[in-house]
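1. structure for the following, please:
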Amino acid sequence: MAKKQRPEHVPSAEAEAAAKPKVIPQRRTENFTARYVNNFKFENTVFDLKILFGQTALIGDEEISEQHTALTLPWSAIKLLVYRLQANLILHEAINGQVIVPPTQMPPVPPGDVQGREEILKLRATFVENQ
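-> Reported below is the predicted structural model:
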């Protein structure tokens, strides 16, 4: 696969290092809520990705996901989120050791008719290999 060229509007690493990042002040609104999440589901469109968050619960002998929150993000924010999640995981594992994903929670093999299947299979193989 040919390496993608960097678009002209993306600064070089040198220019980026010389630039001072803008720090945006943060504050929490009155209705700010912190929730626990141990599972999630995705719904995507050409414009954005909706992430539905939930928590597993046992109802009798059946494990279900009780979804309680949904967030919708544009694809550019998803790319930044992936980077920041990976960076935070690297930092966490450097200090605390490897996070192990149980075999029952490994990502499934994508169906044969999914566009980008080969790239997803490579991503999955790397993920499984690093467990």
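
2. now the helices for this protein?
-> Taking DSSP state H as the criterion, the chain carries its helices at 13-18, 75-96, 117-129.

3. what's the neighbour count on residue 54?
-> For residue 54, the number of neighbouring residues by other Cβ atoms under 10 Å comes to 19. Glycine gets a C-beta too; all of them are placed from N, C-alpha and C.

4. thought it was touching residue 70?
-> No. With contact defined as Cβ atoms under 8 Å, residue 54 does not reach residue 70; the gap is 9.7 Å.

5. quick one on the thing from earlier: same list (the helices of the chain) but as CSV, adding distance to residue 31 and mean neighbour count.
-> Below are the helices of the chain laid out as CSV (distance: least, Cβ to Cβ, whole Å; neighbours: other Cβ atoms under 10 Å):
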stretch, distance to residue 31, mean neighbour count
helix 13-18, 36, 9
helix 75-96, 21, 11
helix 117-129, 36, 12
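
6. which one of these has the lowest average pLDDT?
-> Of all the helices of the chain, the minimum mean pLDDT falls on helix 13-18 (a mean of 68).

7. now the helices of the chain as a markdown table including distance to residue 103?
-> What follows is the helices of the chain, written out as a markdown table (distance: least, Cβ to Cβ, whole Å):
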| stretch | distance to residue 103 |
| --- | --- |
| helix 13-18 | 39 |
| helix 75-96 | 19 |
| helix 117-129 | 10 |
